[in-house]
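[1] how does the following fold in three dimensions:
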Amino acid sequence: MSMPLTEVASSRASVSEQSASPNGSSASVAEGRIFAIAVGLGLLHGVDDALLHRQPGVPLGQHAWALLASVVVAGLAVAGFGRLRVGARAGLAMILGFVILGNGAMHVAHVWLGSVAGSDLSGLVATAGGVVLLGVAVLVPVRHRGEGAQSRRRRWVTRVIAVVSAVVAVAAFVVPVTVAMVQTHRFRGAIGAPPSAAFHDVTFESSDGLHLSGWYATAKNGAAIIIVSSSRGDRMGSVQHAELLARHGYGVLIYDARGTGRSAGSPNGWGWDWSDDVDGAVAFLQRQADVDPNRVGALGLSTGADAVIEAASRNNDLQAVVADGATAR
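    The predicted structure follows:
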C-alpha cells in the first residue's frame with residue numbers, strides 16, 4: 001500500500017530538519033572530527049614536551065600531573081564538542097586554539113631564530129593545530145547561521161552574550177594561561193664566550209641537585225658576589241654587572257638559572273626554586289681558595305632579586321644582598 005503524498009512530504013521535511021540540526025548534520029560531524037584532530041595535535045606536543053624531550057636533569061614524572069590534566073581536558077572537550085550549541089562550540093574552539101597556538105608560537109620563534117631542537121618539531125605541528133581551531137571557531141557560526149528560529153531581538157541578545165563571554169574567557173583564562181606557558185617554556189638562549197680573560201667556565205650543583213653552569217672571576221679582595229639575572233635567567237643578562245664588580249676586585253659568579261643557558265632543569269620566569277640555585281652558588285664560592293667564606297654576597301636583578309631575598313632569609317652564609325627591582329613576590 002503506497003504512502004499518501006502528504007505523508008511523504010511530511011516525512012521528508014522531518015528528515016531535512018533533523019539533518020539541519022547542529023548535532024545531527026554532516027557539517028557538524030565534520031567539524032567535530034576537525035576539532036578532535038586539531039586538539040590531538042596540541043596534545044601530541046604536550047606528550048613530546050613532558051616525556052620525550054624533557055629538559056636536561058628533569059625526571060620522567062616531573063610533568064606527569066600537568067600532562068594528565070591536559071589529557072583529561074582534551075578528552076572532555078572532544079567528547080562534548082558535538083553536544084554543545086553553536087556558540088559554545090565556537091567558544092571552546094577559540095579558547096583551546098589560542099592556548100595551543102600560544103604554546104606552539106614559542107617553538108616557531110625558536111626555529112625562526114635558526115635553531116631546531118627538542119620538541120620544536122611537534123611545537124610546529126601544535127601551531128598548525130591552534131590555527132585550525134581558530135578557523136573552526138570562525139567557521140562554526142558562519143556555517144550554522146540562521147539555524148533555530150529566533151526573533152531579531154533574541155539574536156542580538158545572543159550576540160551580545162557571546163561577545164561578553166568571549167572577552168571574559170580571553171581575559172580570565174586565555175591570557176593568564178598563555179603568560180604561564182611563556183614563562184615556563186622559554187627556549188634556551190645561546191651562551192657565547194666569557195666577557196674577558198678574567199672569567200672562566202665553572203659548574204656547580206644547586207642545593208636540590210641540578211647541574212648549573214656559569215663563569216667565575218677570581219677574587220682579589222677576598223670577597224665574592226653572586227649575580228642572579230632577571231626572568232631571562234641566563235648569565236648573558238648580567239655580564240656588564242659582572243665586569244664592573246670584577247674590575248673592583250670582587251670575585252664574581254654569574255650563572256644560568258635552572259632551565260636556561262647550559263644549566264639543567266625546567267625553565268621558569270618567576271624564579272621558582274631559584275633560591276636553591278643561590279644556595280648552591282654560595283656553597284661553591286665558600287670552597288674557593290681566593291674567597292673568605294664569611295664574605296659572600298649576592299646581587300639580584302628583578303626576578304633574581306626575589307630569589308636572593310628568599311635565599312638570604314634562610315641561608316646564614318649569605319652575608320650581604322642587593323635586591324635591584326624586586327617584585328611584589
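
[2] what are the ranges of the strands in this protein?
    Along the chain, the segments classed as strands by DSSP state E run 199-205, 211-217, 224-228, 251-255, 296-301, 320-324.

[3] in the protein, what helix or strand scores lowest on average pLDDT?
    For the chain, counting by mean pLDDT, DSSP states H and E, helix 5-20 ranks last in confidence among helices and strands (a mean of 44).

[4] switch the strands of the chain over to TSV; also include mean neighbour count, distance to H63 and mean pLDDT.
    Heads up, the C-betas are built off the backbone N, CA and C, glycines and all. Output for these, formatted as TSV (neighbours: other C-beta atoms under 10 Å; distance: least, C-beta to C-beta, whole Å; pLDDT from 0 to 100):
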stretch	mean neighbour count	distance to H63	mean pLDDT
strand 199-205	16	22	97
strand 211-217	23	19	97
strand 224-228	27	25	98
strand 251-255	28	24	97
strand 296-301	25	27	97
strand 320-324	15	31	96
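
[5] which among those is found nearest to L51?
    When the strands of the chain are compared for distance to L51 using C-beta to C-beta, the nearest one is strand 211-217, at 21.1 Å.

[6] next, the angle strand 199-205 makes with that closest one.
    150 degrees (axes from the mean of the first three to the mean of the last three C-alpha atoms, to 10 degrees).

[7] pull the residues that contact strand 211-217.
    56-57, 191, 194-195, 198-206, 235, 242, 246, 250-258, 261-264, 277, 280-281, 288 (C-beta atoms under 8 Å, 6 or more residues apart in numbering).

[8] related to what we said a few turns ago, pipe the strands of the chain into TSV and attach distance to I37 per row.
    Output for these, formatted as TSV (distance: least, C-beta to C-beta, whole Å):
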stretch	distance to I37
strand 199-205	44
strand 211-217	40
strand 224-228	44
strand 251-255	43
strand 296-301	44
strand 320-324	49
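
[9] among those strands, which comes closest to G102?
    Closest to G102 of the strands of the chain is strand 296-301 (C-beta to C-beta; 26.5 Å).

[10] show me what that closest one packs onto, helices and strands only.
    Helices and strands touching strand 296-301, by 3 or more C-beta pairs under 8 Å, 6 or more residues apart in numbering; DSSP states H and E, are strand 224-228, helix 239-247, helix 274-286, helix 303-312, strand 320-324.

[11] now do the domain split for the protein, please.
    The chain breaks down by automatic domain parsing into domains covering 5-184, 199-324.

[12] tell me what the helix ranked longest in the chain is packed against?
    When the chain is parsed with DSSP state H, its longest helix is helix 86-112. Identification of packing neighbours for helix 86-112 by 3+ C-beta pairs under 8 Å, 6+ apart yields helix 26-47, helix 64-81, helix 120-143, helix 152-169, helix 175-184.

[13] and these as a markdown table, adding mean neighbour count and mean pLDDT?
    Formatted as a markdown table, the helices and strands packed on helix 86-112 follow (neighbours: other C-beta atoms under 10 Å; pLDDT from 0 to 100):
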| stretch | mean neighbour count | mean pLDDT |
| --- | --- | --- |
| helix 26-47 | 18 | 91 |
| helix 64-81 | 14 | 93 |
| helix 120-143 | 20 | 92 |
| helix 152-169 | 12 | 82 |
| helix 175-184 | 14 | 87 |
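
[14] alright, that wraps it up for me.
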